[in-house]
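**Q** coordinates only, sequence not included:
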């Protein structure tokens, strides 16, 4: 696709069925949160190498795999085969983002010394 401007990136997330990030080295995976993937109600398939994988698994916003071609492709195919599950997973991910990764939630967590689960 090449380079996309911000509005086009957002529209691409909205138009997608699933977001896949089978990375070996992401420290957090910002594309999974914020105004991206989960925030756009897009279910995700991410590797267990992303430091955010526990939060994604706990929220129900995505599937976690090892960096293994078969595991990743099976997870993607499973999601593509179930539109209702994708919708539910996308909504769960968005709720998690709104609860943990927006500035008011971050400020509240930092103010009250509760940094677990917040950026």
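**A** Right, received. Where do you want to start? Just so it is clear, the model here is predicted, and its values are computed rather than measured.
**Q** In the chain, where is pLDDT below threshold?
**A** Of all residues in the chain, those with pLDDT under 70 make up the ranges 27-35, 114-119.
**Q** doesn't residue 79 make contact with residue 85?
**A** Yes: look at residue 85 against residue 79 with C-beta atoms under 8 Å: they come within range, at 6.6 Å. Glycine gets a C-beta too; all of them are placed from N, C-alpha and C.
**Q** So for those two, which sits in the more crowded spot?
**A** The neighbour comparison of residue 85 against residue 79 (other C-beta atoms under 10 Å) goes to residue 79, with 21 against 14.
**Q** Provide the backbone phi and psi angles at the more buried one.
**A** phi -70, psi -40 (degrees, to the nearest 10).
**Q** Longest helix in this protein, please.
**A** Counting residues, the longest helix found in the chain (DSSP state H) is helix 83-100.
**Q** so what secondary structure elements neighbour it?
**A** For helix 83-100, the helices and strands in contact under the criterion 3 or more C-beta pairs under 8 Å, 6 or more residues apart in numbering; DSSP states H and E are helix 53-59, strand 62-65, helix 69-80, helix 103-111.
**Q** what comes up buried for the shortest one?
**A** Just to be clear, that refers to strand 62-65. Judged by neighbour count using 16 or more other C-beta atoms under 10 Å, the buried positions of strand 62-65 are 62, 63, 64, 65.
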